[in-house]
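# got a predicted structure here, sequence first:
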Amino acid sequence: MLLSGLNKEQQSAVTCDVSSSVLVLAGAGSGKTRVLTTRVAWLIENNFATLEQILAVTFTNKAAKEMQHRVSEILHVPVSKNLWIGTFHSISLKILGKHSVEANLPKFFQVIDSHDQQNLIRRLLKNLNLEEDNYPPKELQKFINNHKELGMRADGLAPDGMRQQMYVKVYQEYESYCNQEGLVDFTELLLRCYELLSTQKDILNMYRARFRHILIDEFQDTNDLQYRWIKLLAGADNKVFAVGDDDQSIYAFRGAKVSNMQSFIRDFNVGETIRLEQNYRSTPEILSAANAIIANNNGRIGKNLWTNNQASDKLHLYEAYTEEDEAFFVVDEIKNLARQGYDLSRIAILYRSNAQSRVFEQLFYQQGIAYQVYGGLRFFDRQEIKHALAYLRLVVNSSDNEAFLRIINFPARGIGAVSIVNLQSIADERQVSLFDACKISEGKSSKNLLKFVTLIENIKVNVVNLDLQDTMAYIIEASGLKAHYEEDKKSGVERLENLNELINAIAIYNKDGVNSVAEFLANAVLESSGDTQKPTLGSAVQLLTIHSAKGLEFDTVFIAGLEDGLFPHDNCLMENKELEEERRLMYVAITRARKKLYLLRACSRLMWGKRQSAPLSRFVNEIPSELINNISGISQIGSTDINGIEQDASNYNHGIAPKNPETKISRVSLLENDLTIKIGDTVKHAKFGNGKVLHLNIDGKKMTGDIFFIGLGKKTLDLNIAKIEKC
DNA sequence: AATTCTATCATTTTT
DNA sequence: TGATAGAATT
């Protein structure tokens, strides 16, 4: 029953011998998640394990939720309470929360994200009188995280030379500050958990006795520490069911090691590796393109992904003049699809870097296309959210100095830098928190400080009987945050919306039966913005990086910015290892598509305020040309010389229908000399040469056009005066 | 203390 | 180019 609908390989993976560890090599779109969830259900139904005896580790919170949902569905019972499903980080957090004393953590330890981590390092550098130019915070962050990933604490390091010494010094300071303030960064969650389990045998044995079956998703993306963590937890007796695809390893930059798959086979005595090679997702054309690209990588474990799906369209390549043009094209296609009643949420635009989303966002907004962006500025990174949470933190734990500093003078209450320095010295002297120092401070602002103390204490009293979301709502009001943002004309409305959204997020969170403030705060940091993004009404086009698209699928996919230098990224062109990772990223991008795949490239792109041109991505050239339909007609595949673009670029009809008549972008503009031009047309100017029409504006009698000329960039011309002709 | 100005950074990807 | 943090100004 459980196994119906599964193919032979999937079935043998699900029903694999429970007395040994298993490695499943699962190609893209081969039903990996289904195998994982069915395996869990199968273990339960056949009494090989109870829900409590299973630990499932996923790569993202999103994947964890999806898996929880699907297991509940198969088993017809909600499994959230008993079955542990989560990321390495969230499971480590859960364990640390249960054993904070043994882990030498304060009861209210605070998880910090990499942003906070970097800011903290900056502050420490300042205290140590080190120039950021000589000691880049990013480098130090890497240094600290890398060492933590190798299990190395600052004290155990033997620095070599002056520079190394300073690095270690910063690491030391960082550690002692974190310990003092109860701060835990992402890597620390794992390392601290690992240390807890390896030093406290009774705790380790308890978990070993519990988790008889450990399932790991996206195994190719595990790093050293995670691998050791699994090994420790599994011990000699428990069995690990690992699923991965070496071709989809895209996190080596973060320390992920594909070689963990080989190590796993050796260390866990894996007898037979099961391969899932039938792809159920994509058309043969899409799959062939993906296979052709990934074949250029060396050292692959190797597999032969195939499909029975029906032959369909070729891949479409559109070579745009600029990034705006690129977005125009996408809008046009989406409008066509929308007219046919296509569900917009099945469309995704994938890009290499977050910054690329902006052009799309702007145009989508302008054209009234619903869209949703994942990633980018994270919800919990916004200042208003951080402020609100800082109040919450201080109310829960008055010795949270980080939170104190964030809100002591926000909204402004007359407490300046001088008062804070005073407070700090009092706190140091008497060994008390900054908050307690307020009560004993003397001086000009002591009145204001006491007022602040009263404010917090009052909040404390008034929220005792409130649940988490009412507490938050009350805090936003009582702290004066709400009033402050109501006054703010510039961005107040949006910030208030976000604060409301925060209350909603808490409500959703509370529904799952979790209601400890500390737990919420910690998880808030771990949740990427994906789930906490403002919900969009109805269906919306999905905009996301390729990294965050891993594990997802869409009917129609646009891959934007296929230019050498952007994708593959400049920083990855030097080393073959890195180029191969970029290629895997391209492989992941392509294999997200079910039916339609568009490859997009801009001949020139605005970067750092400057217009720069780049050749077509080498990855596109790795796709056999018979699989590609070049609808731009700008250049043949392989031609990377944008100066050679002289032919008609508009054999693809690229008109844009305006949403409102008053929209300045119009589809067609009629000139007095009987010439009709529209957006997307290539025109010839006597002086500037060939160019492409990007915008048409009509303001009264005045007609202007933004035209992009090769080598010159965008120019706005008065169409009644400028001498242009259609090519 | 609030507003405006200016300088600097950012664009590789995420838990 | 555009966001933002810190400086400078009122």
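Sure, I can see it.
# for the residue nearest to residue A:564 when sequence neighbours are not counted, grab the count of nearby residues.
Spatial nearest neighbour of residue A:564, excluding adjacent residues (Cβ to Cβ, 6 or more residues apart in numbering): residue A:615 at 4.9 Å. No exception for glycine: its C-beta is placed from N, CA and C like everyone else's. Using other Cβ atoms under 10 Å, residue A:615 has 18 other residues around it.
# and whichever strand or helix holds residue A:577, what's its mean pLDDT?
If you go by DSSP states H and E, residue A:577 is part of helix A:576-590. Mean pLDDT, computed over helix A:576-590, is 94.
# what lies in contact with that helix?
A:28, A:247-250, A:252-253, A:286, A:289-290, A:293-294, A:296-298, A:350, A:352, A:546-547, A:549-550, A:557, A:559, A:567-569, A:571-573, A:597, A:617, A:619 (Cβ atoms under 8 Å, 6 or more residues apart in numbering).
# one more: stretch A:10-21?
A:2-3, A:6, A:22, A:24, A:31, A:34-35, A:38-39, A:42-43, A:48, A:213, A:234, A:239-242, A:264, A:268-271, A:274, A:276.
# over to stretch A:335-345?
Residues contacting stretch A:335-345 (Cβ under 8 Å, 6+ apart): A:334, A:347, A:367, A:369-370, A:538-542, A:556, A:656-657.
# tally of neighbours for the residue lying closest to residue A:253 once chain neighbours are set aside?
Leaving aside its chain neighbours, residue A:253 sits nearest to residue A:581 (7.2 Å; criterion: Cβ to Cβ, 6+ apart). By other Cβ under 10 Å, the residues close to residue A:581 number 22.
# the contacts of helix A:576-590 also near DNA strand B: which ones?
Among the contacts of helix A:576-590, the residues lying close to DNA strand B (Cβ under 7 Å from any atom of the strand) are A:250, A:253, A:352, A:547, A:569, A:571, A:572.
# which of those residues fall in strands?
Counting by DSSP state E, no part of these is found in strands.
# what about those residues, which are in helices?
residue A:547 (DSSP state H).
# narrow the ones next to DNA strand B among the contacts of helix A:576-590 to those that are buried.
Among these, those classed as buried by 16 or more other Cβ atoms under 10 Å are A:250, A:352, A:547, A:569, A:572.
# which residues does the first one contact?
Just to be clear, that refers to residue A:250. So residue A:250 contacts A:221, A:546, A:547, A:550, A:581, A:584, A:585, A:588 (Cβ under 8 Å, 6+ apart).
# swap in 10 Å and give it another go.
A:218, A:220-221, A:256, A:546-547, A:550, A:581-589 (Cβ atoms under 10 Å, 6 or more residues apart in numbering).
# please apply the same query to residue A:475.
Contacts of residue A:475 by Cβ under 10 Å, 6+ apart are A:387-392, A:394-395, A:456, A:459, A:462-463, A:466, A:481-482, A:503.
# burial count for the residue of the stretch 601-727 of chain A found nearest DNA strand B?
Here the stretch 601-727 of chain A gets closest to DNA strand B at one residue, residue A:608, 4.5 Å apart by Cβ to the nearest atom of the strand. Residues contacting residue A:608 under the criterion other Cβ under 10 Å number 5.
# ok, it to residue A:349 distance?
Distance check for residue A:608 against residue A:349: by Cβ to Cβ, to the nearest Å, it reads 22 Å.
# likewise for residue A:131?
Residue A:131 is 41 Å from residue A:349, by Cβ to Cβ.
# helices or strands up against whichever strand or helix holds residue A:555?
Using DSSP H and E, residue A:555 sits within strand A:554-559. Strand A:554-559 sits against strand A:315-320, helix A:323-339, strand A:347-351, strand A:541-545, helix A:546-549, helix A:576-590, strand A:593-602, with contacts defined as 3 or more Cβ pairs under 10 Å, 6 or more residues apart in numbering; DSSP states H and E.
# residue contacts, residue A:602?
A:318-327, A:329, A:356, A:359, A:560-563, A:566, A:612-614, A:642.
# run a quick neighbour tally on the residue of the stretch 1-150 of chain A found nearest DNA strand C.
Of all residues in the stretch 1-150 of chain A, residue A:122 sits closest to DNA strand C, at 8.0 Å by Cβ to the nearest atom of the strand. Around residue A:122 there are 14 other residues, counting by other Cβ under 10 Å.
# quick revisit: of the contacts of residue A:250, which is the nearest to DNA strand C?
Checking the contacts of residue A:250 one by one against DNA strand C (Cβ to the nearest atom of the strand), the nearest turns out to be residue A:547, at 21.4 Å.
# so who does the closest one touch?
A:250, A:251, A:253, A:350, A:352, A:353, A:354, A:375, A:585, A:588, A:589.
# buried ones among the residues you listed?
A:250, A:251, A:350, A:352, A:354, A:375, A:585, A:588, A:589.
# was I right about the third one contacting residue A:549?
Think residue A:350. Yes. Counting by Cβ atoms under 10 Å, residue A:350 touches residue A:549, with 5.4 Å between them.
# now do the shared contacts for the two.
A:542, A:557, A:559, A:585, A:588, A:589, A:592.
# need the max-distance pair from the residues you listed.
A:542 and A:585 (17.6 Å; Cβ to Cβ).
# rewinding a little: neighbour count for residue A:131 and residue A:349, which is higher?
residue A:349 (27 against 9).
# starting at the chain centroid, how far to stretch A:441-457?
41 Å (Cα atoms, centre = their mean, to the nearest Å).
# residues making contact with it?
Contacts for stretch A:441-457 (Cβ under 10 Å, 6+ apart): A:391, A:394-395, A:398, A:404, A:407-409, A:413-416, A:418-420, A:422-423, A:425-427, A:434-440, A:475, A:478-480.
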